[in-house]
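*Asks:* here is the input, now give the coordinates:
(chains A and B)
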Amino acid sequence: MRVPTAVFAYKNRDARAPQKEHTVPFQEILPLRLKNRVSGKADSSSDVACLQEMGVLFACLKDNEFVEKYCNKEIQQFQKCYKFYADSKFEAKKTVNQGIITPGKNLNYKQLNKYMRRFPNPQ
Amino acid sequence: MLRSLCSRLVPHSLVCAFTRGMSAYPPHYIEAIFSKKKQLNLKETDEYIKLSHMPIKAAKNDESESIFYNELVNKMVNYITKGGNKKLARELLTKSFECMKRVQIERMNLNPDAKDTIIADPEQLLIKAIENSRPLLQLTAIKRGGVKYQVPIPVTEKRSYFLAMKWILEAAREKERKVHLPEKLAWEVLDAAYNQGRVVKKKNDLHRQCEANRAYAHYRWS
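*Replies:* Numbers count the residues shown, from 1 in each chain, chains lettered A, B, ... in the order given. I've put the predicted structure just below:
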């Protein structure tokens, strides 16, 4: 006669039964609440800029056997692009370091940290 | 302590956040504009009134309006200097200038037709040489997945000038023992001014390498 598995389950109940709470008490290894700060890792955007200009410059240099005077336009465009990028990055860094809080959704980590220091999670 | 002083003097100052505080001047002091021409140009703008109420650093003692003053030449002297012996460096560069001028005048006399096209001003030659050997890009090693890739990245204007001068000087220092530095430097500068020679080749080689590694350009990180 075939014995249904449910019978076994009832008989050897120790096998799959949930652990008892008093024998294995729950340990809170890390505190189960969010911290009052965020790390700035995700904010560091990639540094890749002016790829297209670089590609155009390379094509021109290769065509002219790396003589720069034939590629003045491309060189200027590339340098202008990089300068604009570096300047805007510098400006952005300045405003971030100032950490002025502006209302809105788009906050960087410094602003968020300022907010959370002011309104921390209840202990 | 300095930081607290900083915030007390100029609260939320940008300058404070960016300086280490090694200067003799407080961080809100601005760089002096010693050039008369620049001052006159400024006078026409509103900036002048703003600047007149700002604390200004003293001009550096090697900066002047003299016709003998040239920023790039001064920089070159600083790079030549070894062990703080700037006097010697200046003498070496002056000797090198003399050497350049002699060579150019000799060329002029040998070829009287091209007299107008040959530059004999050594300062101009040096500037031209530096401009000709400035790189556009450079390579940095970036590790991705255990492999180091040579990634081409753009160089800032300041760094490109530095590299150009460094390369010229390196080429000049790589010489036989019996040849003096001023002589070799003069030859390297003259070569670079005419867009030939080792330094220009080095720059072109770097560009070629960058071009060969262009596929990794998007690996740029920080």
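*Asks:* show me the longest helix that occurs in the chain.
*Replies:* Picked chain A for this. helix A:72-98 (DSSP state H).
*Asks:* um, chain B though
*Replies:* helix B:86-110.
*Asks:* buried sites along that helix?
*Replies:* Buried residues in helix B:86-110, counted by 16 or more other Cβ atoms under 10 Å in any protein chain shown: B:A89, B:R90, B:L92, B:L93, B:K95, B:S96, B:F97, B:C99, B:M100, B:V103, B:Q104, B:M108. Where you see a C-beta, it was placed from the backbone N, CA and C, and this is true even at glycine.
*Asks:* any idea which helix or strand comes after it?
*Replies:* Scanning forward in sequence from helix B:86-110 by DSSP states H and E, the next helix or strand is helix B:122-132.
*Asks:* show me how far that following helix is from its chain's centre.
*Replies:* 11 Å (Cα atoms, centre = their mean, to the nearest Å).
*Asks:* what about it, near chain A?
*Replies:* No - judged by Cβ under 8 Å from any Cβ of the partner chain, helix B:122-132 stays clear of chain A, getting no closer than 8.5 Å.
*Asks:* still on that earlier bit, and the two most separated of the buried residues of helix B:86-110?
*Replies:* Greatest spacing in the buried residues of helix B:86-110, by Cβ to Cβ: B:A89 and B:M108 (28.6 Å).
*Asks:* which helix or strand contains the closest residue to B:L92 other than its chain neighbours?
*Replies:* Spatial nearest neighbour of B:L92, excluding adjacent residues (Cβ to Cβ, 6 or more residues apart in numbering or on different chains): B:P182 at 5.3 Å. Here B:P182 sits within helix B:181-193, counting by DSSP H and E.
*Asks:* next one: that helix to chain centre, how far?
*Replies:* On Cα atoms, centre = their mean, the centre of helix B:181-193 falls 17 Å from that of its chain.
*Asks:* ok, now stretch A:91-101?
*Replies:* Its chain's C-alpha centre and that of stretch A:91-101 lie 19 Å apart, by Cα atoms, centre = their mean.
*Asks:* tell me the average confidence for it?
*Replies:* The average pLDDT for stretch A:91-101 rounds to 76.
*Asks:* that stretch and chain B, are they touching?
*Replies:* Yes - for stretch A:91-101, a contact with chain B is found by Cβ under 8 Å from any Cβ, at A:K94, A:N97, A:Q98.
*Asks:* tell me which residues of that stretch come out buried.
*Replies:* Neighbour-count burial for stretch A:91-101 [16+ other Cβ under 10 Å]: A:V96.
*Asks:* lowest-pLDDT helix or strand in the chain?
*Replies:* This is for chain A. helix A:5-11 (a mean of 61; mean pLDDT, DSSP states H and E).
*Asks:* spell out which residues of chain A are next to chain B.
*Replies:* Counting by Cβ under 8 Å from any Cβ, chain A sits next to chain B at A:44, A:46-48, A:50-51, A:54-55, A:57-58, A:61-62, A:66, A:68, A:75, A:78-79, A:82-83, A:86, A:94, A:97-98.
*Asks:* restricted to buried residues, select those residues in ChimeraX.
*Replies:* In ChimeraX, this line selects whichever of the residues of chain A next to chain B come out buried by 16+ other Cβ under 10 Å:
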select /A:50,54,57,58,61,66,68,75,78,79,82
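*Asks:* mind listing the helices for chain B?
*Replies:* For chain B, the helices defined by DSSP H cover B:2-9, B:14-18, B:36-43, B:47-52, B:71-80, B:86-110, B:122-132, B:157-173, B:181-193, B:197-212.
*Asks:* okay, these, which one's buried deepest?
*Replies:* helix B:181-193 (a mean of 23; mean count of other Cβ atoms under 10 Å in any protein chain shown).
*Asks:* using CSV, write down the CA coordinates of that one.
*Replies:* Provided in CSV are the C-alpha atoms of helix B:181-193 (Å, rounded to 0.1, in the frame of the first residue of the first chain):
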residue,chain,number,x,y,z
LEU,B,181,73.7,71.2,-22.0
PRO,B,182,73.2,74.7,-23.6
GLU,B,183,74.4,73.4,-26.9
LYS,B,184,72.3,70.3,-26.9
LEU,B,185,69.3,72.2,-25.7
ALA,B,186,69.7,74.7,-28.5
TRP,B,187,69.7,71.9,-31.1
GLU,B,188,66.6,70.3,-29.6
VAL,B,189,64.7,73.6,-29.5
LEU,B,190,65.7,74.4,-33.0
ASP,B,191,64.6,71.0,-34.2
ALA,B,192,61.3,71.2,-32.4
ALA,B,193,60.7,74.7,-33.7
